[in-house]
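>>> Sequence below, structure please.
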Amino acid sequence: MSDWMFGVYAPSGRLENLSITRPGGNCLKDAADLWVNVDSSCRYSEQEITAAQSRHYLLMLRSDDGFDGTKAILRVFRALKNPPSPRFAALQESPLLSSLSECRWRGLIVLYEQSSDEGGRSRLSLVSDRLATCRLYYSCNTQVFFFATDSVESLKLFRQLIGPLVLDTASLGGYLRFLHQPSPSTLLKGVSILPPASCLTVSQDGLEIARYWSPRCAPTFISRREAVDTTRSSVVKSIELHLGTSGENCGLLLSGGVDSSMIAAVATARGSHLTTYTVGFDGIEDEREKARAVASHFETRHREIVIKAGDVENLTWETTRALGFPTGNPSSVATYVVTRHAAEDVARILSGIGSDELLGGHRKHILARYWPIARPVWNLARKLALRTAGTLRFGPSKVLTYADLYTHIDNERLQALLLYPSNGSCYAHLRTDDLSKEQFLVDLYCWLVDSILPLVVTLTSRVDLPLALPFCADEILELGARMPLRCKVRRLDPKWLLRQVAADVVPAWVLQGRRSGFTLPIARWFRGPLRHLLDTYLNERVIEQRGVLRPEGVRDLVRAHLDGAADFSLPLWALLTLEIWQRIFLDH
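Numbers count the residues shown, from 1 in each chain. Predicted structure coming up:
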């Protein structure tokens with residue numbers, strides 16, 4: 001497993017009360033041991049490290065995303081040039097926040113500060129990167145603060161330190177609506193997640209969290225040609241950076257779509273040794289034929305992995321055990337399988353994740369592009385569908401905000417499922433008067449940061465496979481925030497920008513097609529070979545014994561899907577993995 005750490009901190013003013021442990025039992029307690037850099041390839045200024053280390057103790061846990069954390073570390077050192085005063089400045093006034101706002105890095109920064117007064121007051125700061133690629137789970141009581149960077153290990157730690165793990169029923173509403181748990185809450189009582197681009201500090205004065213960076217969503221007026229040229233330059237540069245050193249054997253998750261095909265094109269032009277991977281499903285039309293054609297065109301070593309319906313139950317258990325959290329995204333199973341195969345062949349794996357969220361590509365972006373007209377038309381059409389057919393086959397029944405487009409179950413059906421009151425509206429803080437800004441923030445935080453990245457980052461780390469995400473580079477993140485939606489989407493083509501960017505290097509037949517990714521055909525399989533999973537894990541006796549959902553609500557959801565009246569395959573998958581997760585981590 002990749003590097004991770006957990007810590008226990010008692011803010012009583014002594015350095016020995018901070019204990020940070022990494023795999024293998026390496027416990028970092030005193031000042032000499034606390035300064036550790038996980039990536040030994042970084043280079044630092046010897047003088048600056050010595051000067052800073054006399055007053056502060058800093059550790060950086062790096063994620064493998066092709067980023068050099070040197071500049072971020074040195075910027076923090078320079079910001080902390082003066083000795084700490086007897087009283088710490090408020091977090092919002094701390095030089096740490098301003099020093100990180102312009103940095104591009106990936107990982108987690110841990111900073112321990114000791115004041116200069118006789119009382120020896122101390123403060124611990126934990127800083128996430130802009131996409132929270134190194135997730136931090138934490139819990140605290142009146143005396144001690146616990147934290148861990150691994151989802152599975154955090155469960156073990158919190159069980160030992162705070163007692164039995166208890167499901168937070170108030171969080172179930174958000175989980176079932178969005179098919180993932182919206183941060184900063186988790187499905188466990190008393191356990192939270194540090195949001196992206198945030199700094200958490202804990203001291204004798206308590207716990208405080210502040211954001212040090214937010215996307216500058218200020219669309220500038222540029223021509224479409226300008227947008228294409230700028231994006232092409234940034235994407236090619238990012239792909240070349242993430243390919244690593246020359247001669248390194250890299251892997252690529254290849255769906256046959258525009259984004260993964262462009263990575264293959266740039267890698268081939270650069271002379272990289274590329275192995276491509278795609279996932280297929282037994283007896284189902286899938287992406288294999290198109291991916292095979294792309295691999296042949298760019299002359300990559302190609303591997304196909306086929307998932308059979310009969311293997312899904314065991315794979316779901318294995319995937320949930322590896323993740324440490326449930327998910328309503330069936331592609332997690334395919335990701336789990338393909339990363340295990342790739343770890344045997346390549347030194348790092350690349351993926352096109354992030355392109356659709358940052359540069360346009362989801363079909364819902366068409367609706368967002370014409371929001372003032374499209375939203376009332378959508379709601380009217382859904383209302384008529386409810387009156388005539390009595391049920392819905394997909395999507396929410398009513399859209400009030402852009403975030404509603406990411407929900408998979410309407411409020412009426414949700415209330416029929418929940419036995420206890422749920423937390424308030426999720427992602428309400430992302431609502432703005434500027435639709436373009438709201439659309440980008442929801443795509444970024446609701447889908448990319450909270451749903452997709454935790455899956456792929458966790459599963460690749462389980463097999464020690466460095467993950468490279470060229471389309472998630474900070475430069476592209478900033479570019480996507482500045483670019484208006486009209487430059488990403490044109491007419492009814494949500495992927496217009498990416499097709500134009502890739503037009504010079506990717507064959508025309510790739511640009512014209514559509515792909516569905518590695519998502520299992522769960523809607524069909526639940527009505528066929530996997531129906532027994534619903535009978536086994538979601539029957540009324542199981543739901544009643546668990547005591548967190550209404551058995552009749554789950555029964556109606558299952559019946560509506562099996563009868564073909566609606567497609568509730570994703571909420572049912574979310575309920576299935578929730579039950580398996582509880583059996584693995586909460587029942588024992």
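
>>> CA-only coordinates of stretch 305-317 in CSV, if you can.
Extracted in CSV, the C-alpha atoms of stretch 305-317 (Å, rounded to 0.1, in the frame of the first residue of the first chain):
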residue,chain,number,x,y,z
ILE,A,305,-10.3,-7.5,-19.0
VAL,A,306,-13.7,-9.1,-19.1
ILE,A,307,-16.0,-9.1,-16.1
LYS,A,308,-18.7,-11.8,-15.8
ALA,A,309,-22.0,-11.3,-14.0
GLY,A,310,-21.2,-14.4,-11.9
ASP,A,311,-18.1,-12.7,-10.5
VAL,A,312,-19.7,-9.4,-9.5
GLU,A,313,-20.8,-10.4,-6.0
ASN,A,314,-17.3,-11.4,-4.9
LEU,A,315,-15.8,-8.4,-6.7
THR,A,316,-18.2,-6.1,-5.0
TRP,A,317,-17.1,-7.4,-1.6
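
>>> Give me the pLDDT for the residue nearest to the spatial centre of the chain.
Closest to where the C-alpha atoms of the chain average out (CA atoms, centre = their mean) is Leu453, at 2.4 Å. pLDDT for Leu453: 94.

>>> can you tell me how far it sits from Gln160?
For Leu453, the distance to Gln160 equals 28 Å [CB to CB, to the nearest Å]. To be clear about C-beta, it is placed using only N, CA and C from the backbone, and glycine gets the same treatment.

>>> thinking again about what came up before, residues in contact with whichever helix or strand the residue nearest to the centre of the chain is part of?
Assessed by DSSP states H and E, Leu453 sits inside helix 453-462. Contacts to helix 453-462, defined as CB atoms under 8 Å, 6 or more residues apart in numbering, come from residues 1-2, 4, 63, 131-133, 135, 150-151, 180, 319, 322-325, 327, 329, 331-332, 335-336, 339, 349, 351, 353, 466-467, 472.

>>> Sort out for me which of those are in helices.
151, 319, 322-323, 331-332, 335-336, 339 (DSSP state H).

>>> okay, those residues in a markdown table with neighbour count, pLDDT and distance to Asp259 next?
Listed next are the ones in helices among the contacts of helix 453-462 as a markdown table, based on neighbours: other CB atoms under 10 Å; pLDDT from 0 to 100; distance: CB to CB, whole Å:
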| residue | neighbour count | pLDDT | distance to Asp259 |
| --- | --- | --- | --- |
| Ser151 | 20 | 90 | 27 |
| Thr319 | 24 | 97 | 24 |
| Ala322 | 20 | 95 | 25 |
| Leu323 | 21 | 95 | 24 |
| Ser331 | 18 | 93 | 15 |
| Ser332 | 28 | 95 | 19 |
| Thr335 | 25 | 95 | 16 |
| Tyr336 | 24 | 95 | 21 |
| Thr339 | 23 | 94 | 18 |
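
>>> Tell me which two in the residues you listed are the farthest apart.
Ser151 and Ser331 (17.7 Å; CB to CB).

>>> So for Lys29, what's the pLDDT?
38.

>>> Next: Ile109.
The model's pLDDT for Ile109 equals 81.

>>> Could you list everything the nearest residue to it once chain neighbours are set aside pairs with in the sheet?
Nearest in space to Ile109, with sequence neighbours left out and distances taken as CB to CB, 6 or more residues apart in numbering, is Val127 at 4.1 Å. Beta bridges link Val127 to Ile109, Cys199 when assigned by DSSP bridges.

>>> Pull the contacting residues for Val127.
96, 100, 108-111, 198-200, 212 are the contacts of Val127 under CB under 8 Å, 6+ apart.

>>> where's it relative to Pro196, distance?
Separation of Val127 from Pro196 (CB to CB): 11 Å.

>>> Let me know the helix or strand that Ile209 is in.
strand 206-211.

>>> partners of that strand, with directions?
strand 198-203 (antiparallel).

>>> Looking at the partner strand now, give me its mean pLDDT.
88.

>>> tell me which residues of it are tucked away?
Across strand 198-203, burial judged by 16 or more other CB atoms under 10 Å covers 198-203.

>>> and which of these is nearest Ile476?
Of the buried residues of strand 198-203, the one sitting nearest to Ile476 (CB to CB) turns out to be Ser198, at 21.0 Å.

>>> burial of Ala291, as a residue count?
26 (other CB atoms under 10 Å).

>>> The helix or strand containing it: what's the following helix or strand?
Element membership of Ala291 [criterion: DSSP H and E] is helix 288-297. Toward the C-terminus, helix 288-297 is succeeded by strand 301-307 as the next helix or strand (DSSP H and E).

>>> Just give the strands next to that following strand in its sheet, each with its orientation.
Using DSSP bridges, the strands paired with strand 301-307 in its sheet are strand 273-281 (parallel).

>>> So what's the gap between the strand it pairs with and the chain middle?
In terms of CA atoms, centre = their mean, to the nearest Å, the centre of strand 273-281 is found 22 Å from the chain centre.

>>> just the CA coordinates of it, formatted as CSV?
What follows is strand 273-281, C-alpha atoms only, in CSV (Å, rounded to 0.1, in the frame of the first residue of the first chain):
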residue,chain,number,x,y,z
HIS,A,273,6.1,2.7,-23.8
LEU,A,274,2.4,2.6,-23.3
THR,A,275,0.2,-0.3,-22.2
THR,A,276,-3.6,0.3,-22.6
TYR,A,277,-6.3,-1.3,-20.6
THR,A,278,-10.0,-1.6,-21.2
VAL,A,279,-12.8,-3.4,-19.5
GLY,A,280,-15.6,-5.4,-21.1
PHE,A,281,-18.6,-7.3,-19.8
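
>>> one step back: now do the buried residues in the helix holding Ala291.
Per 16+ other CB under 10 Å, helix 288-297 contains these buried residues: 288, 290-295, 297.

>>> on that earlier part again, which pair of the contacts of Val127 spans the longest distance?
Farthest pair in those, by CB to CB: Val110 and Tyr212, 15.0 Å.

>>> Compare the two (neighbour count), which wins?
Val110 (24 against 21).

>>> element containing the nearest residue to Val506 once chain neighbours are set aside?
Among residues not flanking Val506 along the chain, Ser261 sits closest, at 4.8 Å (CB to CB, 6+ apart). Ser261 is part of helix 258-270 when elements are defined by DSSP H and E.

>>> where does the stretch 1-150 of the chain have low pLDDT?
Residue ranges of the stretch 1-150 of the chain with pLDDT under 70: 1-3, 11-96, 114-120, 142.

>>> Go again with 80.
The stretch 1-150 of the chain contains residues with pLDDT under 80 at 1-105, 111-123, 141-143.

>>> circling back to that earlier point, please report the distance of the residue nearest to Ile109 from Glu544.
Relative to Glu544, and taking CB to CB, Val127 is found at 44 Å.
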